[in-house]
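Participant: only geometry, no sequence info:
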């Protein structure tokens, strides 16, 4: 089948090569004479976009370099860079990071006298984000349907939006919401983009939210040349706005199109696919597919029942040791997957005990570290003095004699005069209620920022940053605040990584390199990227959500119990059972050769041992695919890794041809794993 015009939905099951579909379609369009600049391909991470672009250029040559391959949010940022002024925003806008957003929410809560210790600002921010992704304005729910957070969110939202406007900033969700608003309210702007991008390709379409779908529909225009590639069975991100209805009802949003199904899997053994098919087939609303492969057969799936979570972890560690040392499977081809981060801890301890190297993916984010946030805050104030969140963060970091009392009084003057805080600071000498010496300290700070603004405007960003950090004594202050010399070195290494990032940015961008562009790029990168294993010969420990798109020879899917997988909501029942089933399907299909499903018969909850119910998903699996191992019963023949190693070496020695021995040599010691 060949189709290039009109809507096309490609339902690409797990491991069926969906990226190949997009890259070959782009190459085909170029062969037909479609100009590269008329093609736009969007996906969800910078890494995926970079890989896709590289493959397209490899397939189609230099003419493909003009194809725009980027993330949704990067595309939105480019649209706003050109036309945001039409919506009343400054042409040079900043992208607020999570810290900025939380600070605005907390400020709004204080203004409305809402205790930010009793109510979590992050939950309010999540609710604001969810509303924007759904193209809605937060409203209180009817009586009896909502909770306190619904009321708080509705109250804080307008203050949050005002705060962003006052900073000359947009948030991450606005990078989708505002371009759509621009296209709706300014038809000539929309026409400019629909004329340019005549062919749209969307990767991971099942992960799109309502806002992204609307942007696509506006951009597609009347021709609707939209090729969407995705898998409704792998829609697992509803908690961040993804709408499975977008792919299930594609023909409603883009009528008159075609649908193609890719059901051959190039990754996993048939046994694993049979198990995955059995689990996902129970979902009532889906586009039916049955994955198959040429890789027939395979080992049965091992279902392990452990007496408790410690024994579950010990089994996992012991079996990983056997797979590495006896079967010769590299550690980086083994993954332990789980529903919640808390499940990782017992497995970490068990792997340490066995001295097996591992990597826990999904730890603390680099840009959440205090010293890194301080450096970035300096950049933000230099690029945009109206950013009050960053201004308040660095005005006395390192300490320079501008205390909380000074800033509280300056903030009060700014509010009373209806001027930005920066302007009030510039006029500090006019206010006689500031502590002694404070006005001079504020003036020195203003002079410092103004001077470095002029220096940064000339380029050479990394070198200017080094000079600024030396001048303000940033390294010395970081050392003084660190609890130990080791901690100080780790913190300063983080600062060096920021400088290295600036160096790389300048080399890549050349003369176009500017501080505000760097900050916006940084904000996009840190929000768009999914963390992935860093490589090296280590076992991967990771959540199921993080594992999507990855694969390993061997997968341990632990915690196959009710309340964990499926995960329970507030009432003890799964809040979104179809999505939990899709999550299980994603976990199963990460395995190429071997799959272990483990569960504990009991777990400790609030200090008490509580019996656990097996996951309902286990009941979906055909019995002939399963090998059951109950660890509460004594094993018939306990395995010992070193005994197995001795057998392995003995078999190898017996299979090898006899070596010629010198008259003085003794017998070969082939049965020792440690050599002679």
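Facilitator: Noted; the coordinates are in hand. Small disclaimer: the values here were computed from a predicted structure and weren't measured.

Participant: Poorly predicted segments of the stretch 501-650 of the chain, please.
Facilitator: 525-536, 569-574, 606-607, 633-650 (pLDDT under 70).

Participant: Show me the strands in it, by range?
Facilitator: 539-543, 552-557, 591-600, 602-605, 608-611, 626-630 (DSSP state E, counting those that start in this stretch).

Participant: if I pick the residue nearest to residue 296 when sequence neighbours are not counted, what's in contact with it?
Facilitator: Leaving aside its sequence neighbours, residue 296 sits nearest to residue 270 (C-beta to C-beta, 6 or more residues apart in numbering; 5.3 Å). Just so you know, the C-beta spots here come from the backbone N, C-alpha and C atoms, and that holds for glycine as well. Residues near residue 270 by C-beta atoms under 8 Å, 6 or more residues apart in numbering: 292, 293, 295, 296, 297, 298.

Participant: and the least confident of those residues?
Facilitator: Checking pLDDT across the contacts of residue 270, the minimum falls on residue 297 at 73.

Participant: which residues touch that residue?
Facilitator: Residue 297 sits next to 269, 270, 271 when contact means C-beta under 8 Å, 6+ apart.

Participant: Make TSV out of the strands of the stretch 501-650 of the chain and add distance to residue 576 and mean neighbour count.
Facilitator: Below are these laid out as TSV (distance: least, C-beta to C-beta, whole Å; neighbours: other C-beta atoms under 10 Å):
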stretch	distance to residue 576	mean neighbour count
strand 539-543	16	24
strand 552-557	19	24
strand 591-600	21	24
strand 602-605	23	14
strand 608-611	24	10
strand 626-630	26	13
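
Participant: okay, those strands in JSON lines with distance to residue 108 next?
Facilitator: Listed next are these as JSON lines, based on distance: least, C-beta to C-beta, whole Å:
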{"stretch": "strand 539-543", "distance to residue 108": "31"}
{"stretch": "strand 552-557", "distance to residue 108": "42"}
{"stretch": "strand 591-600", "distance to residue 108": "43"}
{"stretch": "strand 602-605", "distance to residue 108": "37"}
{"stretch": "strand 608-611", "distance to residue 108": "41"}
{"stretch": "strand 626-630", "distance to residue 108": "53"}
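
Participant: Out of those, the one nearest residue 188 is which?
Facilitator: Among these, the nearest to residue 188 by C-beta to C-beta is strand 539-543 (45.3 Å).

Participant: Kindly indicate whether the closest residue to residue 540 other than its chain neighbours is helix, strand or coil.
Facilitator: Using C-beta to C-beta, 6+ apart and skipping residues adjacent in sequence, the residue nearest residue 540 is residue 335, 4.3 Å away. Here residue 335 is strand, with the state taken from DSSP: H, G, I helix; E, B strand; the rest coil.

Participant: Pretty sure residue 335 sits against residue 554.
Facilitator: Yes. With contact defined as C-beta atoms under 8 Å, residue 335 reaches residue 554; the gap is 7.4 Å.

Participant: Show me the helices in the stretch 501-650 of the chain, by range?
Facilitator: 515-528, 544-547, 577-588, 641-655 (DSSP state H, counting those that start in this stretch).

Participant: what residues are up against residue 377?
Facilitator: 390, 393, 394.

Participant: Give the burial count for the first one, as a bare number.
Facilitator: Going back to what we said before, that points to residue 390. 29 (other C-beta atoms under 10 Å).

Participant: my guess is it is in a strand, correct?
Facilitator: No. Counting by three-state DSSP, residue 390 falls outside a strand, being helix.

Participant: Renumber starting at 26 from here on
Facilitator: Got it, first residue is 26 now, which makes that one residue 415.

Participant: In contact with it, which residues?
Facilitator: Counting by C-beta under 8 Å, 6+ apart, residue 415 has contacts 125, 401, 402, 403, 405, 406.

Participant: In the stretch 126-275 of the chain, where is pLDDT below threshold?
Facilitator: 168-171.

Participant: hey, where'd the strands end up in it?
Facilitator: Counting by DSSP E, counting those that start in this stretch, the strands of the stretch 126-275 of the chain are 194-195, 224-227, 251-255.

Participant: can you put the ones you listed in TSV and add distance to residue 174 and mean neighbour count?
Facilitator: As requested, the strands of the stretch 126-275 of the chain are exported to TSV (distance: least, C-beta to C-beta, whole Å; neighbours: other C-beta under 10 Å):
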stretch	distance to residue 174	mean neighbour count
strand 194-195	24	25
strand 224-227	32	23
strand 251-255	31	25
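
Participant: Out of these, flag the one nearest residue 639.
Facilitator: Nearest to residue 639, of the strands of the stretch 126-275 of the chain and by C-beta to C-beta, is strand 251-255 at 31.3 Å.

Participant: Distance from the closest one to the middle of the chain?
Facilitator: 22 Å (C-alpha atoms, centre = their mean, to the nearest Å).

Participant: Check stretch 360-379 too.
Facilitator: 20 Å.

Participant: Could you pull out the buried residues of it?
Facilitator: Neighbour counts over stretch 360-379 (16 or more other C-beta atoms under 10 Å) mark 360, 361, 362, 363, 364, 368, 369, 371, 372, 375, 376 as buried.

Participant: Check stretch 451-464 too.
Facilitator: Neighbour count says stretch 451-464 has 451, 452, 453, 456, 459, 463, 464 buried, by 16+ other C-beta under 10 Å.

Participant: what are the ranges of the helices in the stretch 126-275 of the chain?
Facilitator: So, for the stretch 126-275 of the chain - with DSSP H, counting those that start in this stretch - the helices run 146-158, 173-192, 199-210, 212-221, 235-245, 270-273, 275-278.

Participant: Now mean neighbour count and distance to residue 584 too, for those, in TSV please.
Facilitator: What follows is the helices of the stretch 126-275 of the chain, written out as TSV (neighbours: other C-beta atoms under 10 Å; distance: least, C-beta to C-beta, whole Å):
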stretch	mean neighbour count	distance to residue 584
helix 146-158	19	24
helix 173-192	18	28
helix 199-210	21	34
helix 212-221	14	46
helix 235-245	21	32
helix 270-273	20	28
helix 275-278	16	34
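
Participant: And for residue 382, the neighbour number?
Facilitator: Applying other C-beta under 10 Å, I find that residue 382 has 13 neighbouring residues.
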